[in-house]
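Trainee: Only the shape, not the letters, is given here:
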């Protein structure tokens, strides 16, 4: 089923996609659409089904039931029309360790039909981009973790795909490399390339156009990062206190406190939105319990908090109600 | 993986038992009968009735005969000259030509032997009644008695040999694979971090494979005795102790192979290339007595050679420790030497 | 086409960079070649033999001398009583005991048949079979000579006496050089051992490493992938065949009487078959271990056993003979033996070549269809 005009509105169109492995349902009846040119982030705990979903969309894994269209082509019945337009980077390093950086790039370029006259220029640019130029003759197995990931990304980019699937691409990569990596992705975004990325890092999710929370095979929530944060019921107050571990039960006991979490050496406390005086309540409670309080200040809601609070709530709702309640961003 | 480990010995047993154990028979025979008399037909019948030969071609010219041999349709040919029937009737001397395909020297030797035997008995049949004047029906009557294996079934000596061979293949190749796999995956490093002693590690690695090998040998033994009906005249004690001792050498070889290989592919390839000479040169299939001198002495270094003697002798003849002590001694020395060598190198490598 | 070349080039790099494997593949077959070509023969010469002379006449000594002279028996033990035969066998000192019965000499002199007993150790069936055949043959010859001399003593002429004799000629290998028989067969076996294992590993390694998925995502067709993976190994396999053939011809003086073209064509076809078999294993196996085991099971064993390499096919049970038709090795074995030792033209060998071509196609197509494009 190809689109005669060649331009499709949605990059990805998923309909009731399901995948089971024996008794385990890894992806459960997922339906959604991803518009072109978007950087879409998939966030969820381990075992949520993110990898499985990505692999089905990338034509690596066959769905048990349902359908998915990538640029209008079905991954089920027409995967060969999909493959030339996508790039896929899996969680584990999946390039050839005993081939050099250059050889790996050349191989994938040839394999994916990059025109010969463009090959040299593209691989130069990509190596430059990823900071790998001086390593081009080194065998891939001797690269550091961050370099390997950048190489893998370069290999998927060499064929200039319209859609990139990235499965936790920065796991195990140092923060500097991570930032560089996302710089590259932003660049791609500007070129109009659609990016579908699964990530466990909230700061990366923050940089996406839209994100979805996935758990137990289902898409629970979907919104822009800003939208997600706004959905969090309450506001956040940051508390810096000594012996924060022992301070936690004290704070939890307070009525205006919904939940709290540790962030570095601070506590981030979620309080009800209308609890105006909560700051002072907190300060007093801590002081009277004998804790040395350094500051109690309001803070912006972040995705960590959204993740921590929204998912359990939505999971609870999803278990007992039907699909209409599953929020899909409008 | 596990099912393969148990299917393999049985497949090998069946293959070896039926193939190697097959006695030479049904050889393709080409017959060029230029005589076409009752006597010449009798000759042909004499060949086919033994079961050793089946007529696969009846060329009518020498050229066609050559084609038949060239094309491999026959491994042996008899040419019956015109006038044979007359000669026999008149009690004159007569000659039959036998052509054997020398490119298969084993088969051709045996075929030639059968053929000559048949001709001898034909000789008696044709000429016994009414000997020519002055001739005597003398000669030598050689009676052959086969001991311990009266039917001379090759499979009877193959099954016991297979026990040893399966043990060799299983222990050395499977084990070296397992060790190399850990090196490949890097889990070997993990183990170094844990407080496990090197000996404990080795024992832990060896024991399951020893267990598997023992089961495989037992399975082969039972299936071999029951399916192929190989008579067992020996003692489990003698065979068992021999096989255990032999296993040490197999383990040693496995360890040495694992030291030489970085990947499982390498270790499997190396194992294969080490097993083949052992199979070929240990007396498993080819009789050692026929080797050139230098090679004959080389075979003394192969542990499989000794265990084969032990197993075959005990299985079929009931030879005891007393009769087999030279083999036990030699094998013991080699096995322990190889095992210790492999072990020491292995531990040294672990220590690095 | 470009994709095929890309895969082939990549495989080639993998091969080059695995030095240990290269050494094993290139060196070991040659070692084996030298070893076996010198060693192997089925002729059982120098069988350890014991003799027991219960007659003690000139004739009996003549007989035993003839036995000693023949290169087939190595008389290293002279027994003095029948009871000793058991221990001779039990201790594995001898494989054959030849017993000359009392009265042998007088029987022969009187024109009767003399009696000999040949005891063979059946526990080594090979030696036993051949040993008894030789002893029997020797006795016949001895008996015939005796008969002739007796006739001549009585004044008759041997040639006027009747009797059927056989004139034996050996074709293709008159000297009975076993190397000639084995080397062509060895080519088949050694090359099979190498090729099947490699391609068996190639796809599985990619599965284990995770690069398999990258191949899935690329627009490469299954056939292209198979052909690309086979190509470098086909080259190496063909090279091995040529090297072994050359060594056989130059070092062992084995004749090459056939057509180089036929040989080359069949070699290429056969190598494609074995590589394809490896790929079939590789397409389905999930771990390298099981791939290796399966490769050995499918590749090595049947080639060794069912191709006619050592064990004549005609002697096997019919079921196994049918089974042997399924393995390409059988056909290539016929071709190599014929090409080296007999000559053979296309007219004679076309069935085998056709069979190889058929197998090559079927196997590669099968491998391609078994290869799962996605998990």
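Mentor: Received the coordinates, thanks. Here the structure is a predicted model, which is why all the values come from computation and not from measurement.
Trainee: Pick out the residue of chain C closest to chain B.
Mentor: residue C:122 (2.7 Å; CB to the nearest CB). Yep, even glycine has a C-beta here, placed from its N, CA and C like the rest.
Trainee: which neighbours does the strand or helix carrying residue A:29 have in its sheet, and in what orientation?
Mentor: Using DSSP states H and E, the element containing residue A:29 is strand A:24-35. Each strand paired with strand A:24-35, and its direction, by DSSP bridges: strand A:10-21 (antiparallel).
Trainee: Name the residues of the partner strand that are buried.
Mentor: Within strand A:10-21, the residues that count as buried by 16 or more other CB atoms under 10 Å in any protein chain shown are A:10, A:11, A:12, A:13, A:14, A:17, A:18, A:19.
Trainee: so which helix or strand takes in the closest residue to the fourth one other than its chain neighbours?
Mentor: Which is residue A:13. In this structure, residue A:13 finds its nearest non-sequential neighbour in residue A:69, 4.2 Å apart by CB to CB, 6 or more residues apart in numbering or on different chains. According to DSSP H and E, residue A:69 maps onto strand A:65-70.
Trainee: By mean pLDDT, which helix or strand of chain C comes out lowest?
Mentor: Scoring the helices and strands of chain C by mean pLDDT, DSSP states H and E places strand C:163-171 at the bottom, with a mean of 68.
Trainee: quick one: what helix or strand has residue 233 in it?
Mentor: Since no chain was named, I'll use chain A. For residue A:233, there is no host helix or strand (DSSP H and E).
Trainee: that's the wrong chain, I meant chain C
Mentor: helix C:222-252.
Trainee: Next to chain C in this structure, residues from the stretch 1-150 of chain A, please.
Mentor: For the stretch 1-150 of chain A, the residues in contact with chain C (CB under 8 Å from any CB of the partner chain) are A:55, A:58-62, A:79-80, A:83-84, A:86-88, A:90, A:92-99, A:103, A:107-108, A:110-113, A:139.
Trainee: Just the buried ones from those?
Mentor: A:55, A:58-61, A:79, A:83, A:86-88, A:90, A:93-99, A:103, A:107-108, A:110-112, A:139.
Trainee: and stretch C:229-238 with chain A, contact?
Mentor: No: interface with chain A: stretch C:229-238 contributes nothing (CB under 8 Å from any CB), its closest point being 12.9 Å away.
Trainee: Would you mind listing the buried residues in that stretch?
Mentor: For stretch C:229-238, the neighbour count (16+ other CB under 10 Å) marks C:229, C:230, C:231, C:232, C:233, C:234, C:236, C:237, C:238 as buried.
Trainee: Which residue lies closest in space to the second one, excluding its sequence neighbours?
Mentor: Pointing back at residue C:230 there. residue C:275 (4.6 Å).
Trainee: before we move on, what about the third one?
Mentor: Distances taken as CB to CB, 6+ apart put residue C:8 closest to residue C:231, at 4.0 Å, once the chain neighbours are dropped.
Trainee: which element is that neighbour on?
Mentor: helix C:2-17.
Trainee: helices or strands next to that helix in the packing?
Mentor: Secondary-structure packing of helix C:2-17 (3 or more CB pairs under 8 Å, 6 or more residues apart in numbering or on different chains; DSSP states H and E): helix A:101-111, helix C:19-39, helix C:222-252.
Trainee: and those helices, which is most packed in?
Mentor: helix A:101-111 (a mean of 23; mean count of other CB atoms under 10 Å in any protein chain shown).
Trainee: mind checking how far that one is from the chain centre?
Mentor: 27 Å (CA atoms, centre = their mean, to the nearest Å).
Trainee: okay, the angle between it and helix C:222-252?
Mentor: Orientation check (axes from the mean of the first three to the mean of the last three CA atoms, to 10 degrees): helix A:101-111 against helix C:222-252 gives 120 degrees.
Trainee: On the C-terminal side of helix A:101-111, identify the next helix or strand.
Mentor: Following helix A:101-111 toward the C-terminus (DSSP H and E): helix A:116-130.
Trainee: can you give me the angle the helix or strand following that following helix makes with helix A:101-111?
Mentor: Using DSSP H and E, the next helix or strand after helix A:116-130 towards the C-terminus is helix A:145-157. Here helix A:145-157 points in a direction 20 degrees away from that of helix A:101-111 (the same axes, to 10 degrees).
Trainee: Next one: the very next helix or strand once past helix A:145-157, is it in contact with chain C?
Mentor: Scanning forward in sequence from helix A:145-157 by DSSP H and E, the next helix or strand is strand A:163-167. No: Strand A:163-167 lies out of reach of chain C by CB under 8 Å from any CB, never closer than 8.6 Å.
Trainee: Off-centre distance for strand A:163-167?
Mentor: On CA atoms, centre = their mean, the centre of strand A:163-167 falls 10 Å from that of its chain.
Trainee: what's it packed up against?
Mentor: Counting by 3+ CB pairs under 8 Å, 6+ apart, strand A:163-167 packs on helix A:50-57, strand A:86-89, helix A:145-157, strand A:194-198.
Trainee: Kindly reformat those as TSV containing distance to residue B:280.
Mentor: Shown next, in TSV, are the helices and strands packed on strand A:163-167 (distance: least, CB to CB, whole Å):
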stretch	distance to residue B:280
helix A:50-57	49
strand A:86-89	49
helix A:145-157	46
strand A:194-198	56
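Trainee: closest to residue C:18 out of the ones you listed?
Mentor: helix A:145-157 (20.5 Å; CB to CB).
Trainee: re the thing from before, which strands and helices sit next to the strand holding residue A:69?
Mentor: strand A:10-21, helix A:50-57.
Trainee: and if we set it to 6 Å?
Mentor: strand A:10-21 (3 or more CB pairs under 6 Å, 6 or more residues apart in numbering or on different chains; DSSP states H and E).
Trainee: what angle separates the strand it packs on from strand A:65-70?
Mentor: Compare the direction of strand A:10-21 with that of strand A:65-70 by the same axes, to 10 degrees and you get 150 degrees.
Trainee: Average pLDDT for strand A:10-21, rounded please.
Mentor: Averaged across strand A:10-21, the pLDDT comes to 89.
Trainee: distance between that strand and the chain's centre?
Mentor: Averaged C-alpha coordinates place strand A:10-21 at 17 Å from its chain's average position (CA atoms, centre = their mean).
Trainee: pLDDT weak spots in the chain?
Mentor: In the absence of a named chain, this looks at chain A. Filtered on pLDDT under 70, chain A yields the residue ranges A:1-8, A:275, A:315-330.
Trainee: Oops, wrong one, chain C.
Mentor: Judged by pLDDT under 70, the stretches of chain C that qualify are C:38-45, C:125-127, C:130, C:147-148, C:150-152, C:154-168, C:170, C:172-180, C:374-375.
Trainee: The stretch 51-200 of chain B now?
Mentor: Scanning the stretch 51-200 of chain B for pLDDT under 70 picks out B:71, B:102-109, B:127-147, B:149-152, B:188-199.
Trainee: make it 80
Mentor: The stretch 51-200 of chain B contains residues with pLDDT under 80 at B:67, B:69-73, B:91-93, B:101-114, B:116-117, B:120-158, B:170, B:172-179, B:182-200.
Trainee: Just give the number of residues close to the residue in chain B positioned nearest to chain A.
Mentor: Nearest to chain A, among the residues of chain B, is residue B:263, at 10.7 Å (CB to the nearest CB). Neighbour count for residue B:263, taken as other CB atoms under 10 Å in any protein chain shown: 18.
Trainee: ok, it to residue C:30 distance?
Mentor: According to CB to CB, to the nearest Å, residue B:263 stands 22 Å off from residue C:30.
Trainee: same thing with residue A:38?
Mentor: According to CB to CB, residue A:38 and residue C:30 sit 61 Å apart.
Trainee: now residue B:121
Mentor: Applying CB to CB, the value for residue B:121 to residue C:30 is 48 Å.
Trainee: before we move on, what about residue A:53?
Mentor: When residue A:53 is compared with residue C:30 (using CB to CB), they lie 53 Å apart.
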